[in-house]
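**Q** quick one, fold the following:
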Amino acid sequence: MALSPAQITTAAGVLGVVTTTMFASTSLTISSLTESALLLRPQDGQSLPESRHLARQWKVFEAFAHNVSMSALVIGTASLIYAGLKSSTSMTLRRKLFFTSAAFNLLTIPYTLMFMLRKNGELEQRSQTGKKRNLNHIDTYALMQDVSKLGTVRGSLPLLSAIVGALALVI
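**A** So this is what the prediction gives:
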C-alpha cells in the first residue's frame, strides 16, 4: 500500500519535529545539567579540579553533543523543508510554519559561530595544554559558565523549531 502525498508530507514533518526535539534536548541537557554538574564547587576543604581536567571533561560532553546535534540538525532541517515544499499549496500557513521551523534550526549555525566558537576553542585549547600554560582554575570555571549559558540559548532555537513544526502538523 503506497502512501499518499499528504501522508508522506506528514511523515516528513513528524521526522523533522522528532529529530529537532532530539537536537534541542541534547543541547539543553548538556548545557543545563551536565555542564552545571561539572561546575559544582568543591565542598569546604576540597581543592578545585585542575583546569585541564575540567576542560577535558567538558570536551567529552561537547564531542557527544556535537555528533548527535549535527546529525539531528541536518535530518530535522531537511525533513522540515521537504514537508514545507510538499505541503499542499492551499495550506500556505502550514508551509510557512514548516519553513519557519527549519529557519529556527538553521539559526543555530550562525549563533554558534558568532557567540560560541571562540569560547569553545578556548576550552578546547585548555583541555590540551592546561599543564603547559599557567591556567587559572577560576577562569576555566567562568569560561564554562559562559559556554553553558550560551548553549542554553542555542538549545532554545531548536526547541522553538520543534514547537513551530508541531503546530504545523496539527493545523
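**Q** from here on, contacts and neighbour counts on C-alpha atoms
**A** Fine.
**Q** from the chain's centre, how far out does the longest helix seen in the chain sit?
**A** Looking across the chain with DSSP state H, the single longest helix is helix 51-86. Put simply, helix 51-86 sits 6 Å off its chain's centre (C-alpha atoms, centre = their mean, to the nearest Å).
**Q** repeat that for stretch 24-39.
**A** On C-alpha atoms, centre = their mean, the centre of stretch 24-39 falls 10 Å from the chain's centre.
**Q** endpoints of it, how far apart?
**A** 21 Å (C-alpha to C-alpha, to the nearest Å).
**Q** what's the angle between the helix or strand following the longest helix of the chain and helix 51-86?
**A** From helix 51-86 onward toward the C-terminus, using DSSP states H and E, the following helix or strand is helix 92-111. Here helix 92-111 points in a direction 160 degrees away from that of helix 51-86 (axes from the mean of the first three to the mean of the last three C-alpha atoms, to 10 degrees).
**Q** give the buried residues for the helix or strand just after helix 92-111.
**A** Later in the chain than helix 92-111, the nearest helix or strand by DSSP H and E is helix 117-129. Buried residues in helix 117-129, defined by neighbour count with 16 or more other C-alpha atoms under 10 Å: 120, 123-124, 126-127.
**Q** where does Thr10 fall, phi/psi-wise?
**A** In terms of degrees, to the nearest 10, the main-chain angles of Thr10 are phi -60, psi -40.
**Q** which strand or helix spans the residue nearest to the spatial centre of the chain?
**A** In the chain, the C-alpha nearest the mean C-alpha coordinate belongs to Ser27, at 3.7 Å (C-alpha atoms, centre = their mean). Under the criterion of DSSP H and E, Ser27 resides in helix 5-29.
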